[in-house]
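**Q** Pasting the sequence and the predicted model now:
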Amino acid sequence: MELLFLCFFSLAFFVVHVLVYRSVSVYSRAFQISRGIAAVVLTGIGLFTLIHARGTWNTAFLYPHSAEDPLLFLMPIVMGHFLADFLWMAWGKKVLGISPRPDLLIHHGVGIISYGIAFYLLFGWALCLIVMMSELMPVISGLTGWAKARGKRSLEILCAKWRIRLLIWWRGPLWFALISLLIRSRIMGEFPETYHFLFWLILPLFFFLLGLDEFWIRKCLEAERRQVEES
């Protein structure tokens, strides 16, 4: 059943890519918009999971899951998003000759492997899904792409400013909060001992995400500088 869900959501997100591309025609812009649409869903999943698992903050939202856990339905949605993006980037390379963004390949590659491990071990689903709250930034990126497609210059400039603000004031605090909870759970002896080895996998991953955001902040600053020069 889980595999069926994964295939269904992979196909659903891929269809969104196709429909947006047919409407916009410019691959990179269409991809930006369709990823923004997916990010709305993913951000909602992150917020829902935070509320659902709020009582497990002391273990950094890390705990064993069962086949009856409602989060079982949400994990394939996120993994389906990763797979659909990979398929769409492969299509863009094969059909249009457009090379995928290396940073996106790395981000999604780390994501699908990490979430796959969590799904297989029946552990850490809540933390994985809460991380999706970070997808609020791609929502703004998608809105930026839509503004470009519609020629709405003022909205495009506004979105560019909010994108960098979200990177600094939304995603940054989110990573630091989760890192702090993770370290606290370890120090206080509340991290599940059975999964002790995962602590040394999860912690570096969060620092990796911080580093990736630093790269994206520099890209956003460059884009904002270009906008100022063009205006």
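**A** In hand now; what should we look at?

**Q** In terms of secondary structure, what does the longest helix along the chain contact?
**A** As assigned by DSSP state H, the longest helix anywhere in the chain is helix 196-230. If you count contacts as 3 or more C-beta pairs under 8 Å, 6 or more residues apart in numbering; DSSP states H and E, helix 196-230 packs onto helix 102-121, helix 153-166, helix 172-187. In short, each C-beta sits where N, CA and C put it, glycine included.

**Q** Compute the inter-axis angle for that helix and helix 153-166.
**A** Taking axes from the mean of the first three to the mean of the last three C-alpha atoms, to 10 degrees, one finds helix 196-230 and helix 153-166 inclined to each other by 150 degrees.

**Q** Mean confidence (pLDDT) on helix 196-230, please.
**A** The predicted model gives helix 196-230 an average pLDDT of 84.

**Q** Would you mind listing the buried residues in it?
**A** Leu198, Phe199, Ile202, Leu203, Phe206, Leu209, Asp213, Trp216, Ile217, Cys220 (16 or more other C-beta atoms under 10 Å).

**Q** same question, stretch 152-171
**A** Glu156, Ile157, Cys159, Ala160, Trp162, Arg163, Ile164, Leu166, Leu167, Arg171.

**Q** related to what we said a few turns ago, just put the helices and strands packed on helix 196-230 in a markdown table and tack on distance to Glu68.
**A** Listed next are the helices and strands packed on helix 196-230 as a markdown table, based on distance: least, C-beta to C-beta, whole Å:
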| stretch | distance to Glu68 |
| --- | --- |
| helix 102-121 | 15 |
| helix 153-166 | 35 |
| helix 172-187 | 24 |
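
**Q** and of these, who's closest to Ser25?
**A** helix 153-166 (18.1 Å; C-beta to C-beta).

**Q** so what secondary structure elements neighbour that closest one?
**A** helix 136-150, helix 196-230.

**Q** List of residues touching that helix?
**A** Residues outside helix 153-166 that contact it (C-beta atoms under 8 Å, 6 or more residues apart in numbering) are 136-137, 140-141, 143-144, 147-148, 217, 220-221, 223-224, 227, 231.

**Q** Out of those, which two are the most distant from each other?
**A** Distance extremes for the contacts of helix 153-166: the farthest pair is Leu136 and Ser231 at 26.1 Å, using C-beta to C-beta.

**Q** Closest one to Leu11 out of the contacts of helix 153-166, please.
**A** Closest to Leu11, out of all of the contacts of helix 153-166 and judged by C-beta to C-beta, is Ser141, at 23.3 Å.

**Q** The closest one and Ala38 touch, don't they?
**A** No: contact criterion C-beta atoms under 8 Å: Ser141 and Ala38 do not qualify, at 11.2 Å.
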